[in-house]
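Asker: this one's sequence-less:
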């Protein structure tokens, strides 16, 4: 028997995942053939923003809501490893199984809370915090201590407190995507301009 | 846990279980080497599953994984990768060629919720695989493949951990030579099991290599694993359903009482008068026990009496027989065929005996009343023990649906099986328990041994350090030669104060050997607990060994503290083989040229060792002048050389490539031991080996190993080859 003829558990895994995703997100949101949630415009936009960050070889922390689409995209873009923190055990289990189904390596999952300082014990090059600015704003100084590069987030309208905290802690800022179609602008922030430039992909860096 | 997560988890676990049980054998694309599914024992959540390989936690515990980036080559189901991460590795990447094993590894890791452990499909013989740096690379049981990429490995790591394949005298040439060119510093971490096949004597080593001593020491965590016995795979248990009518267990009865229906048979039994006293004298019942027909006749008579009168105690013929005759038959020297070695003890108490008998009758009552036409699902399964080697006359059970034959060594559930067969129950559940292949050594002594006209007798004592033994069995290959309940040994109890079960350790076994030929034979004494062997002690028999020219008894007593030649020769034969067995996996015995037996006493070991060291000159080192004179006169080996504990020997530097020492190092003082190790290092030539004996106590052994390791490389500590004197240690001069 050659390895091409080896048995596989993926079809059954795909069925299990498709059923779980349909139960959670509705059947219309799921592609049962691939067992993935069809990405929303927002998710596609966020993945697009990653194209502006120099990810190869970086250690990434993903705090973003969802089932780690962004984490897998970051890894596919060359991140050395991606850690995902999420509080919801159902999503956590689904996200882990999705990584198995898609044969993704070095994306790890931790049950945790983005609002807790203990989440940031390890050093990271890039932190992805889409939709999380409000909850992490109070602990941004703690986050900045172990951030070697940039924090990427969106600036929701009306989150003045979050924007101010960000400007104070990580003053160097680059807009990766402007606001549009109801989405807030996406920014990359760092402690200083030099660091920011190091972490921007060449095209974005030259624009900055 | 939420319902969704729980349900998903359950589905994932089911998927993993189906994967682990899939009948799949992987064949290496490189050379076609076959690897069966479920090679590694893996933990799926809290459940430990038993694979081909045992637990290797002991050797991993020797390493400091904390904060390190680890590459696991040939990661199989990922257990070693996950173990490294559990021990603090920062990140672990596993590479495995077989995609099915990669899938299973990923699924188990996801189920267990472990982070920073990844697996990918890849060819570990491909030099292009090695581009990224790692703090530590593990290549466990894949040396056949990675030996081709040692240069590439040296580019990406400073520390390499190798687990050998089965060692067969190829430690130096097969492993050290190819690796030490790029990773010169070496430390053997411990030995690991070979797997479920074989007789448990095979072994692998886990070796830590590094670019230099500093890096090696940096990775070494806790002390070496030698002081702990390698954990053996536990007994495997599976459940099947059998057809009682096809079992061979009660053939003697059903052939003797051959009736068309159960009713006719029972009527015939009812009309038969059985005076218990007269019947108990029948050899069929006293010698054949469960395998004969007479015992079952008594059992049925007892049941009929019970049904008519309700009495299962005194007055019931079965009770009367069991308590008055069966228990005395179950003496320390003899257990009838098939009988439970522990039941005799229980039956000594009449109240307990009545309970046991009522329980046995209850099965018959139920089978008769219910006329079960399927599997009695709510009835506990009977148990069948199967061994690595089938006994010559196994008990045959037949699997119900597929018709497969199960060759059992023992059955726990003879009465239930009898009742089911008698009363036409079509199916019984049976738990198949496979005896463990690797067993820890028993401590003890064979004090008498003889083989006369094919009848072997052995007497002595044996002690398991933690477990009270129900029985002691003498076995040759798969053949159970004799089985007995341990008898009391006051002297052993006194010598092991604090070990509560040390008193019941004596044995006096006798049994007839099938097809006996007067040739070198290895017997095993097995300690049995709950129907399974839990430890072993060997008896190595060689024709003529007991009639060897004997030193005078007073000289023997002076040197060994005992003038009992039989006992000394048996002990020495065991020691000789244990020492040489310990060295043999590292280097083929015929390659040794200059062997030294240190502290050779009266030279009893020399002729025994010489039979295996075919091309070596054997030099005995003897301290006692009278013993030296006797050894010289006997002319058993080269001229003896005088030694003393205080002074160096007259041997030249590097005079020996093998040193044997069978008297425990534990008798030496610390200073004497250090002086001896210095001298041993001087006498051994580079690449030479020494096989020595430490004591029994683990703490003492650990200290001894640490001290030996300061002067020479500790490359082996064979618990499997342990003998009455302690554990064998193998040292190698770098």
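Answerer: The structure has been received and is ready for your questions. Quantities reported herein were computed from a predicted structural model and do not represent experimental measurements. Numbers count the residues shown, from 1 in each chain, chains lettered A, B, ... in the order given.
Asker: name the strands paired with the one helix or strand residue B:480 maps to and say parallel or antiparallel.
Answerer: For residue B:480, the element it lies in under DSSP states H and E is strand B:479-484. The strands beside strand B:479-484 in its sheet (DSSP bridges) come out as strand B:471-476 (antiparallel).
Asker: returning to what we had before: so how far is the helix or strand just after the strand holding residue B:480 from its chain's centroid?
Answerer: For strand B:479-484, the succeeding helix or strand toward the C-terminus, using DSSP H and E, is strand B:487-488. Here strand B:487-488 is found 24 Å from its chain centre; the criterion is Cα atoms, centre = their mean, to the nearest Å.
Asker: hey, where'd the strands end up in the stretch 551-700 of chain B?
Answerer: For the stretch 551-700 of chain B, applying DSSP state E, counting those that start in this stretch gives strands covering B:594-598, B:617-622, B:641-642, B:656-660, B:684-693.
Asker: looking at those strands, which has the lowest confidence?
Answerer: Note on the strands of the stretch 551-700 of chain B: lowest mean pLDDT is at strand B:641-642, with a mean of 77.
Asker: quick one, what contacts residue B:44?
Answerer: B:13, B:16-17, B:20, B:108, B:111-112 (Cβ atoms under 8 Å, 6 or more residues apart in numbering or on different chains). Heads up, the C-betas are built off the backbone N, CA and C, glycines and all.
Asker: which of those residues has the most neighbours?
Answerer: Neighbour counts for the contacts of residue B:44 (other Cβ atoms under 10 Å in any protein chain shown) peak at residue B:108, which has 28 neighbours.
Asker: helix/strand/coil for it?
Answerer: Secondary structure, DSSP: H, G, I helix; E, B strand; the rest coil: residue B:108 is helix.
Asker: so it makes contact with residue B:76?
Answerer: No: look at residue B:108 against residue B:76 with Cβ atoms under 8 Å: they stay out of range, at 10.9 Å.
Asker: want to throw the strands of the stretch 551-700 of chain B into a markdown table with distance to chain A and mean neighbour count?
Answerer: Conversion of those to a markdown table gives the following (distance: least, Cβ to the nearest Cβ, whole Å; neighbours: other Cβ atoms under 10 Å in any protein chain shown):
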| stretch | distance to chain A | mean neighbour count |
| --- | --- | --- |
| strand B:594-598 | 49 | 26 |
| strand B:617-622 | 52 | 22 |
| strand B:641-642 | 60 | 15 |
| strand B:656-660 | 45 | 26 |
| strand B:684-693 | 41 | 22 |
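Asker: Throw the contacts of residue B:44 into a markdown table and include pLDDT and distance to residue B:475, thanks.
Answerer: Compiled in a markdown table, those are given as follows (pLDDT from 0 to 100; distance: Cβ to Cβ, whole Å):
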| residue | pLDDT | distance to residue B:475 |
| --- | --- | --- |
| B:13 | 94 | 39 |
| B:16 | 96 | 38 |
| B:17 | 93 | 35 |
| B:20 | 93 | 32 |
| B:108 | 97 | 38 |
| B:111 | 95 | 41 |
| B:112 | 95 | 40 |
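Asker: looking at these, which are in helices?
Answerer: Those of the contacts of residue B:44 mapping onto helices are B:13, B:16-17, B:20, B:108, B:111-112, per DSSP state H.
Asker: enumerate the residues of chain A near chain B.
Answerer: A:1-3, A:6-10, A:12-13, A:16, A:20, A:23-24, A:81, A:83, A:89-90, A:92-94, A:96-97, A:99-100, A:103, A:105-106, A:108-111 (Cβ under 8 Å from any Cβ of the partner chain).
Asker: and for residue 23, the neighbour number?
Answerer: You didn't pick a chain, so chain A it is. 14.
Asker: try chain B instead
Answerer: There are 7 residues near residue B:23, going by other Cβ under 10 Å.
Asker: repeat for residue B:370
Answerer: 11.
Asker: what does residue B:304 give?
Answerer: Count around residue B:304 with other Cβ under 10 Å applied: 18.
Asker: can you tell me how far the closest residue to it other than its chain neighbours is from chain A?
Answerer: Spatially, and ignoring its direct neighbours in sequence, residue B:304 is nearest to residue B:270 (5.9 Å; Cβ to Cβ, 6 or more residues apart in numbering or on different chains). Residue B:270 sits 59 Å away from chain A, going by Cβ to the nearest Cβ, to the nearest Å.
Asker: mind checking pLDDT for residue B:270?
Answerer: 91.
Asker: how many neighbours does it have?
Answerer: 11.
Asker: was I right about it contacting residue B:307?
Answerer: No: contact criterion Cβ under 8 Å: residue B:270 and residue B:307 do not qualify, at 10.3 Å.
Asker: so where's the stretch 101-250 of chain B uncertain?
Answerer: Scanning the stretch 101-250 of chain B for pLDDT under 70 picks out the ranges B:196-201, B:222-234.
Asker: how long is stretch B:141-161 from one end to the other?
Answerer: 10 Å (Cα to Cα, to the nearest Å).
Asker: with distance to chain A added, can I get the ones in helices among the contacts of residue B:44 in JSON lines?
Answerer: Output for these, formatted as JSON lines (distance: Cβ to the nearest Cβ, whole Å):
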{"residue": "B:13", "distance to chain A": "11"}
{"residue": "B:16", "distance to chain A": "8"}
{"residue": "B:17", "distance to chain A": "11"}
{"residue": "B:20", "distance to chain A": "10"}
{"residue": "B:108", "distance to chain A": "10"}
{"residue": "B:111", "distance to chain A": "8"}
{"residue": "B:112", "distance to chain A": "10"}
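Asker: report the rounded mean pLDDT for the lengthiest strand in chain A.
Answerer: Secondary structure of chain A per DSSP state E: the longest strand is strand A:147-154. Taken as a whole, strand A:147-154 carries a mean pLDDT of 96.
Asker: residues in contact with the following helix or strand past that strand?
Answerer: On the C-terminal side of strand A:147-154, the closest following helix or strand by DSSP H and E is helix A:160-169. Contacts of helix A:160-169 with the rest of the structure, by Cβ under 8 Å, 6+ apart, involve A:133-134, A:137-138, A:140-141, A:143-144, A:151, A:153, A:155-156, A:173, A:187, A:189.
Asker: can I have the buried ones of these as a PyMOL selection?
Answerer: Per 16 or more other Cβ atoms under 10 Å in any protein chain shown, the buried members of these correspond to this PyMOL selection:
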select buried, chain A and resi 133+137+140+143+144+151+153+155+156+173+187+189
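Asker: which of the contacts of helix A:160-169 fall in helices?
Answerer: Reading helices off those with DSSP H, I get A:133-134, A:140-141, A:143-144.
Asker: tell me where the stretch 151-300 of chain B has helices.
Answerer: B:171, B:177-180, B:213-219, B:251-256, B:262-270, B:276-280, B:283-288, B:294-309 (DSSP state H, counting those that start in this stretch).
Asker: got the contact list for the residue of the stretch 351-500 of chain B found nearest chain A?
Answerer: Per Cβ to the nearest Cβ, residue B:402 is where the stretch 351-500 of chain B lies closest to chain A, at 22.0 Å. By Cβ under 8 Å, 6+ apart, residue B:402 lies in contact with nothing.
Asker: packing partners of the longest helix seen in chain A?
Answerer: In terms of residue count, the longest helix belonging to chain A (DSSP H) is helix A:10-25. Helices and strands touching helix A:10-25, by 3 or more Cβ pairs under 8 Å, 6 or more residues apart in numbering or on different chains; DSSP states H and E, are strand A:30-31, strand A:36-37, helix A:89-101, helix B:3-21.
Asker: beta partners of residue A:200?
Answerer: Bridge pairing for residue A:200 - DSSP bridges - gives residue A:53.
Asker: wait, doesn't it sit right on residue A:53?
Answerer: Yes: with contact defined as Cβ under 8 Å, residue A:200 and residue A:53 form a contacting pair (6.7 Å).
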